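> Turn this into a structure:
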Amino acid sequence: MTDRPNQPEPSEAFGAAGQGEATPSGKRQSKPSSKPALKKRKAKIKHPTVTPARPSWATYASWVQTRQGHVLAPGLYFHGIRDDAETDTLVCSPLEVLAITCDERGENFGRLLHLLPKGASAWKQWAAPMEMLAGDGAELRAVLHEGGWLPDDAPPATARAVVGTRIGGTPEAVQDEVTGLLVERSDAEGLARAIERLLRDPELGRDLGRRAAAAVGVKFGADRIVPELLAAYRRTQA
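Alright, predicted model coming up:
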């Protein structure tokens, strides 16, 4: 009896069912697919292009895109500029103020709002009493939240370390070595040292930014600023 060299099992030599046939090099070829060839990918959908002024507010009832290619869903947006970059912040569902309203005696003023709730196809109108804006406007926001017009979460404060100068209201907004760094006016070298310090110590920058973001809500939140502003208006009318 002559010795026969080891031969692979047929399933291994020619490929198990569904795995294709083996080529002379031992590599398996893919089994021809019975499915038709996939169609070419559809061209990217383009939306109407908008070029809003900045800073400004704008309402869009349908999908649009900016000249930079940012695609925006229907809604009310604030178009701004931050760090030389254009920003598009969603505020709420599409909303327009159509008119100033009042009762038959010319009192109890309000605003006639034109709103498109999220996911709805039909616009709604609501005469919002101005008295709901008393204080920090929490009552009005509660109604808008319930109707699905406001997002669930407000945009968070940007937690970044800042370097400012000791002029005007800057020292009131920025506490040196706590929520940022302050330098003297026209002190170019001091400004450079402060910036270099943040670049060399990223953890310091993160700590200053976190404390600054927390301080914004306490010192400059709507629940504090709005009552103070209204009180100032009342003093001027007294």
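> can you tell me the helix or strand for the spatially most central residue of the chain?
Nearest to the mean C-alpha position of the chain, counting by Cα atoms, centre = their mean, stands residue 89 at 5.2 Å. Element membership of residue 89 [criterion: DSSP states H and E] is strand 85-92.
> Can you point out the buried residues in that strand?
Using 16 or more other Cβ atoms under 10 Å as the test for burial, strand 85-92 gives 88, 91-92. Any C-beta I mention is one placed from the backbone N, CA and C, and that applies to glycine too.
> What of stretch 61-76?
Buried, per 16+ other Cβ under 10 Å, within stretch 61-76: 64-66, 72, 74-76.
> Which of those residues fall within strands?
Members of these lying in strands (criterion: DSSP state E): 64-66, 72, 75-76.
> pLDDT check: weakest of the buried residues of strand 85-92?
Of all the buried residues of strand 85-92, residue 91 has the smallest pLDDT value, namely 80.
> so what's that residue up against?
Applying Cβ atoms under 8 Å, 6 or more residues apart in numbering to residue 91 gives the contacts 57, 75-78, 151.
> where's it relative to residue 211, distance?
Using Cβ to Cβ, to the nearest Å, one obtains 27 Å as the distance from residue 91 to residue 211.
> Residue 206: which element?
Counting by DSSP H and E, residue 206 is found in helix 202-220.
> Can you show me the CA trace of that helix as CSV?
Output of helix 202-220 as CSV, limited to C-alpha atoms (Å, rounded to 0.1, in the frame of the first residue of the first chain):
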residue,chain,number,x,y,z
PRO,A,202,-4.7,73.1,31.5
GLU,A,203,-6.1,71.9,34.9
LEU,A,204,-6.1,75.5,36.2
GLY,A,205,-8.1,76.6,33.1
ARG,A,206,-10.6,73.8,33.7
ASP,A,207,-11.0,74.7,37.4
LEU,A,208,-11.5,78.4,36.6
GLY,A,209,-14.0,77.6,33.8
ARG,A,210,-16.1,75.3,36.0
ARG,A,211,-16.2,77.9,38.8
ALA,A,212,-17.1,80.6,36.3
ALA,A,213,-20.0,78.5,34.8
ALA,A,214,-21.4,77.9,38.3
ALA,A,215,-21.1,81.6,39.2
VAL,A,216,-23.0,82.7,36.2
GLY,A,217,-26.2,81.1,37.4
VAL,A,218,-25.8,82.6,40.8
LYS,A,219,-24.8,86.2,40.0
PHE,A,220,-26.3,86.7,36.5
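> same for it, what does it pack against?
Applying 3 or more Cβ pairs under 8 Å, 6 or more residues apart in numbering; DSSP states H and E, one finds that helix 202-220 contacts helix 188-200.
> Walk me through the domains of the chain.
49-92, 95-146, 163-237 (automatic domain parsing).
> related to what we said a few turns ago, would JSON lines of the buried residues of strand 85-92 with distance to residue 111 be doable?
As requested, the buried residues of strand 85-92 are arranged in JSON lines below (distance: Cβ to Cβ, whole Å):
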{"residue": "88", "distance to residue 111": "24"}
{"residue": "91", "distance to residue 111": "16"}
{"residue": "92", "distance to residue 111": "14"}
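> ok, these vs residue 127, which is closest?
For the buried residues of strand 85-92, the residue nearest residue 127 by Cβ to Cβ is residue 92; the value is 17.8 Å.
> I'd like the distance between that closest one and residue 113.
Residue 92 is 11 Å from residue 113, by Cβ to Cβ.
> quick revisit: in the helix holding residue 206, what counts as buried?
For helix 202-220, by 16+ other Cβ under 10 Å, it's 205, 208-209, 211-212, 215-216.
> No more questions from me, cheers.
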